[in-house]
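Participant: got a predicted structure here, sequence first:
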Amino acid sequence: MKTFKHKTILITGASSGIGEAMTYQLIDPTVKLVLVGRSEEKLRAMVAVLEARGTWAQAYVADLSKPGAAEELFRRLSEDGYRVDVLINNAGAGKYGRFDTISLEETLAMLRLNLENLVALTHLCIPHMLKRGDAGILNVASTAGFQGIPYMAVYAATKSFVIAFSEALHAEYADKGITVTCLCPGPTATAFQERAGMPVKGLRRFMESPEKVAIAGLRALLRGEVLHISGTPNALTAWLSQLAPRRMRLAVTRRLLGGAEDT
Ligand SMILES: NC(=O)c1ccc[n+]([C@@H]2O[C@H](COP(=O)([O-])OP(=O)(O)OC[C@H]3O[C@@H](n4cnc5c(N)ncnc54)[C@H](OP(=O)(O)O)[C@@H]3O)[C@@H](O)[C@H]2O)c1
């Protein structure tokens with residue numbers, strides 16, 4: 001896929017952070033932007049800004065941590081006549097803490113948001129993409145998906161899934177007119193850490209801006225990359241850490257994030 005022009009683009013998690021930054025990068029009079037999230041007021045305010053800047057946009061309020069949320073969203077989109085040409089699976093959330101201290105309810109909600117509804121939305125959108133050709137899927141994973149992350153165990157595992165899932169789909173659809181790209185941001189200055197209850201001390205100076213991450217991800221999709229790690233320091237760290245023994249990697253990460261044991 002070489003351009004976003006004349007495409008209907010669905011962005012999950014458009015209401016803040018990386019998804020919001022991507023939305024504003026996609027301003028263009030030829031596209032239709034479909035914004036998804038739970039924050040209705042914020043999404044409506046964004047639609048007003050986009051329309052004032054000549055870009056067609058519509059907001060859909062959906063809680064993607066609920067069972068069946070993707071099917072319900074897709075049904076509403078279809079009824080309103082939308083056919084998604086570019087799917088940006090960006091919505092996601094983490095939860096910091098030792099595994100047993102995070103409620104099962106929160107854990108399962110995270111799986112539904114980060115995995116189940118991402119897979120379902122992708123499955124539902126692909127038939128139209130195959131018919132149309134010249135389509136794209138951008139899945140937002142994380143550098144956390146390259147290894148187990150103590151105190152973010154389930155979150156990191158969901159991102160490992162997204163990486164493996166995206167890579168496989170890239171290979172299945174590359175010659176069928178659908179580009180599938182996985183974006184792996186490192187620490188990014190958004191609401192993510194606060195929402196996850198993560199300690200951020202020492203992390204802030206390594207954080208990229210959501211705008212930088214958004215631009216990197218959208219470019220990677222247009223270039224047809226399989227996987228893109230945003231930011232050279234993140235790419236280097238990810239590459240170097242693969243050379244270290246697993247036990248050592250885990251020990252270092254545990255020390256960095258181990259504050260959960262002190263609380
Ligand atoms: N920030 C980082 O350091 C970092 C690093 C690597 C990867 N990532 C990934 O980047 C993606 C975007 O996160 P961000 O950093 O931009 O964080 P963010 O500012 O918290 O944004 C998360 C977005 O996801 C949406 N969302 C959360 N729960 C949802 C739900 N139940 N249903 C529907 N939408 C929901 C939020 O919208 P509502 O609240 O309106 O629902 C919001 O628009 C996530 O997949 C995250 O895992 C972030």
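Facilitator: Everything's here; your move.
Participant: whichever strand or helix holds Cys125 and the ligand in contact?
Facilitator: Secondary structure assigned from DSSP states H and E places Cys125 in helix 117-132. No. Taking C-beta under 6 Å from any ligand atom as the criterion, helix 117-132 and the ligand are apart, separated by no less than 8.0 Å. The way it works is simple: take the backbone N, C-alpha and C, and place the C-beta from them, glycine included.
Participant: what residues of the next helix or strand after that helix count as buried?
Facilitator: Next in sequence after helix 117-132, counting helices and strands by DSSP H and E, comes strand 135-140. Judged by neighbour count using 16 or more other C-beta atoms under 10 Å, the buried positions of strand 135-140 are 135-140.
Participant: residue contacts, the residue lying closest to Gly259 once chain neighbours are set aside?
Facilitator: Using C-beta to C-beta, 6 or more residues apart in numbering and skipping residues adjacent in sequence, the residue nearest Gly259 is Pro199, 4.8 Å away. Contacts for Pro199 (C-beta atoms under 8 Å, 6 or more residues apart in numbering) come out as 96, 257, 259.
Participant: from memory Ile9 sits against Val86, does it?
Facilitator: Yes. If you go by C-beta atoms under 8 Å, Ile9 and Val86 touch, sitting 4.2 Å apart.
Participant: thinking again about what came up before, need the buried residues of strand 135-140 in CSV with pLDDT and distance to the ligand, can you?
Facilitator: Formatted as CSV, the buried residues of strand 135-140 follow (pLDDT from 0 to 100; distance: C-beta to the nearest ligand atom, whole Å):
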residue, pLDDT, distance to the ligand
Ala135, 98, 21
Gly136, 98, 17
Ile137, 98, 14
Leu138, 99, 11
Asn139, 99, 9
Val140, 99, 4
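Participant: so which helix or strand takes in Cys182?
Facilitator: strand 178-184.
Participant: pull up the pairing partners for that strand, direction included.
Facilitator: According to DSSP bridges, strand 178-184 forms sheet pairs with strand 135-140 (parallel), strand 227-229 (parallel).
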